[in-house]
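Q: give the three-dimensional model of this entry:
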Amino acid sequence: MKCFVTGASGFIGSNLVHELLARGHRVKALMRPGADERGLQGIKFERVAGDVSDRKLLQREMEGCDWCFHVAASYQLWMRNYAPMYATNVEGTRNVLEAAGHAGCRKIVYTSTVGCVGLPKLKDGKYQPTTERDVISEAELTSDYKRSKFRAEEIAFKLFHKDALPIIIVNPSAPIGPGDVKPTPTGRIIVDFLNRRMPAYLETGLNWVHVRDVAVGHILAAEKGRLGERYILGSGDGNWTMKETFAVLQELTGIPAPTLRIPHWFARRVAEANELISFVTNHPPRAPLAGVLMAKNRMWFDPAKAVNMLGLPQTPPKQAFADAVTWFRANGYVKK
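A: Okay, the predicted model is just below:
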């Protein structure tokens, strides 16, 4: 298949390009000028200079493509002005999906996030991981990133129902593994741990998944996914608390895990103060308020639908952490 990929220089996008090429597909990737291409070294694909705001360019370059993977997104937990994030995540998504439909792409896979899925609720004292059927409430949309992605999902569903575009939605959880060049907020947790910048922690719960499983999940969605449906790309064994996460990192690295747990109320006050300082300095806060608010919930999910219907791989999360640690160490992210 000839595949058009947005966000190809990002963490998920670069791994997706690798997996597509490994399976014999051809790739045309939309690349912003100056994009960091370290995650794409050593592979051959067609580059298109531009961004998701250029509808005419998108439509022209997608002609002749069989599949479109819209992975590009603005993923930041703090900005002085969130308008560019909404322009990219909402209007940019509309541009890409409509252009793919007009160009005749047979499958359009939109990369959303589990942040658009309802959060787990306590039942008999235990959190029950949620599925694609669980609807998120307005109160659970605790950041501009989540709100922008939720609006983008609404556009995707509308274009499927109203215009019959062949759209499939995938919702990755917290990917980790090799190639996290930026790194992402989840990758930053590992980098900070390796550099011993984690004297304390804020308890929460995340669903960790190997980034290669997420990349393969995109391809499986194009091959087997039902149009108009969404699939959680996560790990059935990846619902861990932060305490459990740091215990695994300690086992893998020999670096002592932090034992001091920060209360949520205190973390919120610190985050609020940090953001006030950031508005003056224009430097992102170390602990954004959006991250603290998200941490109040267990972000645990059940990927059974993707596993059973698509055949989503289930690499053990411990292996994903081992691969991430190895990659960060080999690529200069850890100070000696």
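Q: tell me what the nearest residue to C65 once chain neighbours are set aside is bridged to.
A: Once flanking residues are discounted, C65 sits nearest to F4: 4.3 Å by Cβ to Cβ, 6 or more residues apart in numbering. C-betas here are computed from N, CA, C, even on glycine. Beta-bridge partners for F4, by DSSP bridges, are K28, C68.
Q: who's in contact with F4?
A: Listed by Cβ atoms under 8 Å, 6 or more residues apart in numbering, the contact set of F4 reads 28-30, 61-62, 65, 67-69, 100, 105.
Q: ok, 10 Å please
A: Shown in contact with F4 (Cβ atoms under 10 Å, 6 or more residues apart in numbering): 26-30, 46, 48, 58, 61-70, 96, 99-100, 103, 105, 108.
Q: what values do phi and psi take at P258?
A: When read as degrees, to the nearest 10, the backbone of P258 gives phi -70, psi 140.
Q: wait, it sits on Q250?
A: Yes. With contact defined as Cβ atoms under 10 Å, P258 and Q250 form a contacting pair (9.4 Å).
Q: ok, the two, which is more surrounded?
A: P258 (17 against 14; other Cβ atoms under 10 Å).
Q: ranges for the strands of the stretch 51-200 of the chain?
A: Ranges of strands in the stretch 51-200 of the chain, per DSSP state E, counting those that start in this stretch, are 67-70, 107-111, 121-123, 126-128, 167-172, 174-176, 200-201.
Q: strand partners of the third one, parallel vs antiparallel please.
A: Each strand pairing with strand 121-123, determined using DSSP bridges, is listed with its direction: strand 126-128 (antiparallel).
Q: how far off centre is the partner strand?
A: Here strand 126-128 is found 23 Å from its chain centre; the criterion is Cα atoms, centre = their mean, to the nearest Å.
Q: check which residues of that strand are buried.
A: Within strand 126-128, the residues scored as buried using 16 or more other Cβ atoms under 10 Å are Y127.
Q: now the strands of the stretch 51-200 of the chain in a markdown table, with mean pLDDT?
A: Formatted as a markdown table, the strands of the stretch 51-200 of the chain follow (pLDDT from 0 to 100):
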| stretch | mean pLDDT |
| --- | --- |
| strand 67-70 | 98 |
| strand 107-111 | 98 |
| strand 121-123 | 85 |
| strand 126-128 | 91 |
| strand 167-172 | 98 |
| strand 174-176 | 98 |
| strand 200-201 | 91 |
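Q: would you tell me which of those gets closest to F11?
A: Nearest to F11 among the strands of the stretch 51-200 of the chain is strand 174-176; the distance by Cβ to Cβ comes to 6.6 Å.
Q: what pairs with that closest one, parallel or antiparallel?
A: Here strand 174-176 has these sheet partners by DSSP bridges: strand 205-210 (parallel).
Q: about what we covered before: what's the closest of the strands of the stretch 51-200 of the chain to I277?
A: Minimum separation from I277 across the strands of the stretch 51-200 of the chain (Cβ to Cβ) falls at strand 200-201, 19.6 Å.
Q: and the contacts of the closest one?
A: 189, 193, 241-243, 245-246, 257-262, 267, 295.
Q: buried ones among the residues you listed?
A: Among the contacts of strand 200-201, those classed as buried by 16+ other Cβ under 10 Å are 189, 193, 241-242, 245-246, 257-258, 262, 267, 295.
Q: and those residues, which of them are in strands?
A: Judged by DSSP state E, the subset of the buried ones among the contacts of strand 200-201 located in strands is T241.
Q: need the buried ones among the contacts of strand 200-201 in a markdown table with pLDDT, can you?
A: As requested, the buried ones among the contacts of strand 200-201 are exported to a markdown table (pLDDT from 0 to 100):
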| residue | pLDDT |
| --- | --- |
| I189 | 94 |
| F193 | 96 |
| T241 | 96 |
| M242 | 96 |
| T245 | 98 |
| F246 | 97 |
| A257 | 96 |
| P258 | 95 |
| I262 | 92 |
| A267 | 89 |
| A295 | 86 |
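Q: so what sits against both of P258 and Q250?
A: Common contacts of P258 and Q250, defined by Cβ under 10 Å, 6+ apart, comprise F193.
Q: sounds good, over and out.
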